[in-house]
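Student: Output the structure for:
(one chain, ligands or ions: 2)
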Amino acid sequence: MSICRLSGLVGAAAAVLLALFCHPAAGQAVCPVVEVGKWIYSPEPNMGALLGGFSGGRFLEAKELAPLLTGGEKYRLYTMTGEVGTATGSKAQVLENPYPEHMVQMSTEPPFFRKSGANIFAVGGEFNAQPRLPEFLSTDHETYQGFAAALLKQAGIAKPKVRLTQVIRIDLEGDGVDEVLVAATHYAQGLQVGTRVRPGDYSIVFLRKLVEGRVETHLVAGDIFAKKAAPLATEFRVGALLDLDGDGVLEILVNSRYYEGGGTQVYRLQNQRPVRVLGADWGA
Ligand SMILES: [Ca+2]
Ligand SMILES: [Ca+2]
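Tutor: Numbering: from 1, shown residues only. Ligands and ions are numbered 1, 2, ... in the order given. Predicted structure coming up:
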């Protein structure tokens, strides 16, 4: 047997062992992700939405991860811009609409909860889920307005009204090359109760990423209404950039909200593209 083949087998065995647990840096076998920010519909202030998590070497949706929680899991708490504390979580509880289906009660009320307007994400495990912090660029940046316009035109809006809400520079993989995430939203009638979506309305989050020498644009999440009107206007924004599985690569957490609900979806980079791996929704 060749050395390559042998090392391949050793590698496969190591991968199987690793697959039994979180990444070695994680410090616990199940690494749940719970959102406890102000957007969550919650019956108690210290309860948050279980988005899912990482265990057995893969990301699991909330319904798969919920039975693995025994209570007593340790969490580190993060906003978009820094770590804000620690907490211990309960077993998962199943709730009815309009609450998120799976919820976790935190031992302590996270700081700033429902006060600062910050989104707070509780990440299970002892590793640092925020190895790099984002930099916020001007939303008047003409270059990024141009990229947004091009994406919207390609999606069928002939003359898009471009309004950027976030331009975020971050190195997702830690490879020394920065990526840029852009959020843009335009609803002619706004996001209030009873407003209708018009053709030309949109809300998007997209990623600009250098791939093999050229910068590509990838839509991460969003709604684009090129022709038809629709009953529900939803806004999408980047909620946080966190490493949820301890592999050093940041995942993209996108919040969505409409007038009586919302949700958060998690995307990881796979072959240089954002792919949804977890998430939860709530609302009527
Ligand atoms: Ca990078
Ligand atoms: Ca990661």
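
Student: Over to stretch 105-124 now: how far is its first residue from its last?
Tutor: 13 Å (C-alpha to C-alpha, to the nearest Å).

Student: for that stretch, what is the average pLDDT?
Tutor: On average, the pLDDT along stretch 105-124 is 75.

Student: Let me see the ranges of the strands in the stretch 101-250 of the chain.
Tutor: 102-106, 121-124, 135-136, 164-170, 179-186, 202-211, 214-224, 235-242 (DSSP state E, counting those that start in this stretch).

Student: closest one to ligand 1 among the ones you listed?
Tutor: strand 179-186 (5.2 Å; C-beta to the ion). Using the backbone N, CA and C atoms, a C-beta is placed for each residue, glycine as well.

Student: Okay, buried residues for the closest one please.
Tutor: Of the residues in strand 179-186, 179-186 count as buried by neighbour count, 16 or more other C-beta atoms under 10 Å.

Student: Does anything pack onto it? Which helices or strands?
Tutor: helix 142-154, strand 164-170, strand 202-211, strand 235-242 (3 or more C-beta pairs under 8 Å, 6 or more residues apart in numbering; DSSP states H and E).

Student: ok, that strand: who's next to it in the sheet?
Tutor: According to DSSP bridges, strand 179-186 forms sheet pairs with strand 164-170 (antiparallel), strand 202-211 (antiparallel).

Student: Can you pull the residues of the protein lying near ligand 1?
Tutor: 171, 173, 175, 177 (C-beta under 5 Å from the ion).

Student: Nearest to Gln265, out of those: which one, please.
Tutor: The shortest approach to Gln265 among the residues of the chain next to ligand 1 belongs to Glu173, at 20.0 Å (C-beta to C-beta).

Student: Tell me the confidence at that closest one?
Tutor: 97.

Student: That one: neighbour count?
Tutor: Summarising burial for Glu173: neighbours were counted as other C-beta atoms under 10 Å, giving 15.

Student: these two touch, right, it and Asp243?
Tutor: No: counting by C-beta atoms under 8 Å, Glu173 does not reach Asp243; the two are 10.1 Å apart.

Student: Tell me the bridge partners for the residue nearest the centre of the chain.
Tutor: In the chain, the centroid-proximal residue (C-alpha atoms, centre = their mean) is Leu253; its distance is 1.1 Å. Note on Leu253: beta-bridge partners by DSSP bridges are Ala240, Val266.

Student: Briefly note if the helix or strand encompassing Leu269 comes near ligand 2.
Tutor: Using DSSP states H and E, Leu269 falls within strand 261-270. No: using C-beta under 5 Å from the ion, strand 261-270 stays clear of ligand 2, with a minimum separation of 6.2 Å.

Student: what's the angle from that strand to strand 235-242?
Tutor: Calculated by axes from the mean of the first three to the mean of the last three C-alpha atoms, to 10 degrees, strand 261-270 forms an angle of 50 degrees with strand 235-242.

Student: low pLDDT regions in the stretch 51-200 of the chain?
Tutor: Along the stretch 51-200 of the chain, segments meeting pLDDT under 70 span 109-117.

Student: let's see it at 80
Tutor: The model of the stretch 51-200 of the chain has pLDDT under 80 over residues 108-118, 192-195.

Student: shared neighbours of Glu173 and Asp243, which are they?
Tutor: 249-250 (C-beta atoms under 8 Å, 6 or more residues apart in numbering).
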